[in-house]
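Asks: structure here, sequence nowhere to be found:
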């Protein structure tokens, strides 16, 4: 596997992770659009052949949640992404930190821009203040707060993940499924333990009954009626 393919796989997995986690977290919302590796067309002359960019990951708020082949600004009430995340590689880092950052700041006017390198874990975020991107200050864990998502973005186990304001990790669908399986297994174990306890109680009751019968038989041998005791 070449270095380029390895980077591409890391990028793909990272895009899918951010996309699936957010869609699961916002599963009851229909007022946003999130996409990865999708083209944004933004030509002032409304021509798809002119000005376009394909951010690694972006979210647009206040729009209809539906499947799109691309994001065409002039067909979406002039809306640009509210947040963009680029995943750096040796071949793209300079553009992501330079030209793209300039475009997102000056043309897109995207309120928040983040970049993350899946290889060396470099992570930075910027918020648009007075038309200029200013660095977002990290919290003690090194996470960066996104006002647009109302979530933290931070590195966890070498991946960029979301966290709630309280510091809880936003799970992926796979993690939710795993938690459900673990809960089901625990319930199964509890039910099995209850069944064993009930069986033990039944055995103890049977042993008590047998002891009582033996005692009654002994008393009758001694001409004592156990009913009159």
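Replies: Great, that's in hand. Small disclaimer: the values here were computed from a predicted structure and weren't measured.
Asks: now do the SS call for residue 189.
Replies: helix (DSSP: H, G, I helix; E, B strand; the rest coil).
Asks: any weak-confidence spans in this protein?
Replies: For the chain, the stretches flagged by pLDDT under 70 are 1-7, 184, 229.
Asks: need the strands for it, in chain order.
Replies: Per DSSP state E, the chain carries strands over the ranges 32-36, 40-41, 52-53, 57-61, 71-72, 83-87, 112-116, 123-129, 132-135, 144-146, 151-156, 159-163.
Asks: contacts for the last one?
Replies: Think strand 159-163. 13-14, 17-18, 21-22, 25, 85, 116, 118, 123, 143, 149, 151-156, 169-170 (C-beta atoms under 8 Å, 6 or more residues apart in numbering). All C-beta atoms are positioned from the backbone trio N, CA, C, and that covers glycine.
Asks: sorry, back to before: who wins for proximity to residue 210 among the strands of the chain?
Replies: Closest approach to residue 210 among the strands of the chain (C-beta to C-beta): strand 151-156, 59.9 Å.
Asks: returning to what we had before: let's see the ChimeraX selection covering just the buried ones among the contacts of strand 159-163.
Replies: In ChimeraX syntax, the buried subset of the contacts of strand 159-163 is picked out as below (16 or more other C-beta atoms under 10 Å):
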select :14,17,18,21,22,85,116,118,123,143,149,151,152,153,154,155,170
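Asks: picking up where we left off before, wait, which of the strands of the chain is closest to residue 176?
Replies: Closest of these to residue 176 is strand 159-163, at 13.5 Å (criterion: C-beta to C-beta).
Asks: now the closest one and strand 123-129, what's the angle there?
Replies: For strand 159-163 against strand 123-129, the angle by axes from the mean of the first three to the mean of the last three C-alpha atoms, to 10 degrees is 50 degrees.
Asks: flag every buried residue along strand 159-163.
Replies: So for strand 159-163, counting by 16+ other C-beta under 10 Å, buried means 159-163.
Asks: now render the residues you listed as JSON lines, adding distance to residue 35.
Replies: Conversion of the buried residues of strand 159-163 to JSON lines gives the following (distance: C-beta to C-beta, whole Å):
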{"residue": "159", "distance to residue 35": "19"}
{"residue": "160", "distance to residue 35": "16"}
{"residue": "161", "distance to residue 35": "18"}
{"residue": "162", "distance to residue 35": "16"}
{"residue": "163", "distance to residue 35": "22"}
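Asks: just to revisit the earlier point, same list (the strands of the chain) but as TSV, adding distance to residue 194.
Replies: Shown next, in TSV, are the strands of the chain (distance: least, C-beta to C-beta, whole Å):
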stretch	distance to residue 194
strand 32-36	44
strand 40-41	57
strand 52-53	59
strand 57-61	46
strand 71-72	54
strand 83-87	48
strand 112-116	48
strand 123-129	48
strand 132-135	56
strand 144-146	45
strand 151-156	37
strand 159-163	37
